[in-house]
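Undergrad: how would this look folded up:
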Amino acid sequence: MPPYSVGDLHVDSYVKTTSFEDEARILDKLGICHEFFIWRLLWNGIHPRKPSDLIVKEMLFDRVPVMVCCPKRASPENRRGLVWIHGGAGLFGSPRAHERLCHFIARQSDTVIACIGYPLAPEHPYPAQQLSCYTAVSHFLKNAQDYGVDPKRIVLAGDSSGGTLVASTAQQLLMTKDLPQPRAHILIYPFLQGLDLNLPSYQQNQSIPLLVKKEAVRLAIVYLSGTDTGVNEIMANAHVPQELMAKYQKWISAEHIPEEFKGRGYVPFVPGLFSEDLFQKYKTVFDPIFSPLLVEDAVIQQFPETFLLTCEYDIFRDDGLLYKKRLEDNGVPVTWLHLKDGFHGITSLIGMGSIQFPSTRKSMNSVIQFLERF
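TA: Modelled structure (predicted):
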């Protein structure tokens, strides 16, 4: 079977996901089931075959559900550990949905993987997700040797909103002085700021699946508040007062995006009307825990070496580019992989056979190479 092209995926997935979203919302309005219940069923997909070379266990880390994957073969010493925080906008996703990816990393890098099953919104309001991740990561760091892991070789990793949770959890860990700190971070196409939703990548990729801009904004505010009031206005930055935009322009601005990324129809954004109501309702957006790009330099300077993956066809591409700049400006070593034919969600296809794209394997092989340095 010939490999998919990015163009094929964009057309096919747009038709399917748009129809699926509409159907899920109809079922929600009829009171049959919650919209995100349907999304979760889709994301979990078909359970992979039980691996013969891995031990997979469902465990609790201080009451937080965690899936632990460990190579069966004996090791002469404690292994490297990796905490995986899955994406899904804090509304869907699960260790099961990322099981193939966790199996791949554990198998290819001889690493013990702990994938956190944090509680999902809206049933569990924000910031329950972040607090659960911090609790589970802290437990793993404290008790690493109980899982055959060297506490000095633990890496935090996550995709999409899981990458957001990696960055925010890292902030909290720095304030916990009795814990060993992670050896490295891995952030895969992360969302990192809710200040400027009209950076070049947000304009260029606003209609490109798998994550179109309007749906991304809607999911983010449902995650944050439980409602989806003001989506169109927030897409136009109406929730941001001028003084805050000016304050953070030193870190978040199209001026800091390299010129090579400003093609494909980008037009400098002209701010519209400001809404005090939206600002008050969603002011948590400006907390560095929700928008890690807003954290102070003094915090970023303490972060460990970081692997950062960005995709050309992703609204969050520029979040990653700006984070890369901030890390480098603060002396943090960065290994950066930019997939010129990549799109949001591409790494989730690992282990999916003919559905995989060439960049799926390329991205995960780069993650393995980075891990093997520690």
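
Undergrad: next, give phi and psi for the most far-flung residue of the chain relative to its centre.
TA: Residue farthest from the centre of the chain, counting by CA atoms, centre = their mean, is residue 76 at 33.5 Å. Main-chain torsions, residue 76, degrees, to the nearest 10: phi -70, psi -10.

Undergrad: just residue 336 next, same as before
TA: Per degrees, to the nearest 10, the backbone of residue 336 is at phi -110, psi 130.

Undergrad: pull the contacting residues for it.
TA: Neighbour list for residue 336: 307, 308, 309, 310, 324 [criterion: CB atoms under 8 Å, 6 or more residues apart in numbering]. (Glycine included, C-beta is placed from N, CA and C.)

Undergrad: residue 93: which of those is nearest?
TA: residue 309 (17.5 Å; CB to CB).

Undergrad: looking at the contacts of residue 336, which are in helices?
TA: Counting by DSSP state H, the contacts of residue 336 place residue 324 in helices.

Undergrad: contacting residues for residue 128?
TA: Counting by CB under 8 Å, 6+ apart, residue 128 has contacts 118, 119, 121.

Undergrad: returning to what we had before: so which of the contacts of residue 336 wins on neighbours?
TA: Among the contacts of residue 336, residue 309 has the most neighbours (other CB atoms under 10 Å), with 27 neighbours.

Undergrad: which parts of the stretch 151-300 of the chain are helices?
TA: Ranges of helices in the stretch 151-300 of the chain, per DSSP state H, counting those that start in this stretch, are 161-174, 200-204, 213-225, 231-235, 242-247, 276-281, 297-300.

Undergrad: before we move on, the earlier item: return the member of the contacts of residue 336 nearest to residue 106.
TA: residue 307 (17.2 Å).

Undergrad: so what pLDDT did that closest one get?
TA: At residue 307, the model reports a pLDDT of 99.

Undergrad: look up how far residue 283 lies from it.
TA: 32 Å (CB to CB, to the nearest Å).

Undergrad: same deal with residue 163?
TA: From residue 163 to residue 283 the distance is 23 Å (CB to CB).

Undergrad: who's more crowded, those two?
TA: residue 163 (29 against 12).

Undergrad: the more buried one touches residue 191, doesn't it?
TA: Yes. Residue 163 is within contact range of residue 191, at 7.3 Å (criterion: CB atoms under 8 Å).

Undergrad: kindly confirm my reading that residue 82 is in a strand.
TA: Yes. Checked against DSSP: H, G, I helix; E, B strand; the rest coil, residue 82 lies within a strand.
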